[in-house]
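> need the 3D shape of this:
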Amino acid sequence: MIYLDLLIGFLKVGCFAFGGAYGAIPLIRDVVLSYGWLSDERLTDMIAVSESTPGPIMVNLATYVGSSQAGFFGALIATLAVVTPSFLIILLLTILLKTAVKNKYVAAVLGGLKPCVIGVVLATGCVMMFRQGGLPLLTESSDYRPLILTAGLALVYFGSRKILKKGLSPIVLILISACAGIAAYGM
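Just a heads-up that it's a prediction; the model follows:
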């Protein structure tokens, strides 16, 4: 029965998650909590781990949840369930791509989805922040390093766009972020 639950639960995530992993986190949270697979605190920890490990967050989370519930085969079923809908949709879109992109209605739908995805990602970040203790500025013993690092990285990113007339490579930004994190937290 757990295999069927994993299949159905992560097929829901794979079918209805739009906008990438951060847009899918609320859906994953809803599915995982409704089945009682993990506690909210453990899921939040796994989201953080999934963000820092290589690979897509949805796949990492599905693999972890499946593994924690039903071992290797649970991980396999959950991972395949979350990936299969996207694979099939991309396969179908590739076939229809030549005509679909030129259609003004398709362009309008995709344009309308962008702000929705941004809102879902922002709401997810706010929910995760408040579940972890609220705004860091509201406590006396706050650690301001994350805010300073974020502001510094934003300055580097937008400054490079002004100076270089193009943004930095994501790989360069990740390396700068890693070095800044090591400097702020490792020493």
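
> who are the packing partners of the helix or strand containing Leu92?
Assessed by DSSP states H and E, Leu92 sits inside helix 57-100. With contacts taken as 3 or more C-beta pairs under 8 Å, 6 or more residues apart in numbering; DSSP states H and E, helix 57-100 sits against helix 2-16, helix 21-35, helix 40-52. (Glycine included, C-beta is placed from N, CA and C.)

> among the ones you listed, which is nearest Leu80?
Nearest to Leu80, of all those, is helix 2-16, at 8.3 Å by C-beta to C-beta.

> dump that closest one to CSV, keeping only the CA atoms.
What follows is helix 2-16 as a C-alpha-only set of coordinates in CSV (Å, rounded to 0.1, in the frame of the first residue of the first chain):
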residue,chain,number,x,y,z
ILE,A,2,2.9,2.4,0.8
TYR,A,3,4.2,2.0,-2.8
LEU,A,4,0.8,3.0,-4.2
ASP,A,5,0.6,5.9,-1.8
LEU,A,6,4.1,7.1,-2.9
LEU,A,7,3.2,6.7,-6.5
ILE,A,8,0.0,8.6,-6.3
GLY,A,9,1.4,11.3,-3.9
PHE,A,10,4.4,12.1,-6.0
LEU,A,11,2.5,11.8,-9.3
LYS,A,12,0.3,14.7,-7.9
VAL,A,13,3.5,16.7,-7.2
GLY,A,14,4.9,15.9,-10.7
CYS,A,15,1.6,16.7,-12.5
PHE,A,16,0.7,19.9,-10.7
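
> check which residues of that helix are buried.
Residues of helix 2-16 classed as buried: 3, 5-7, 9-15 (neighbour count, 16 or more other C-beta atoms under 10 Å).
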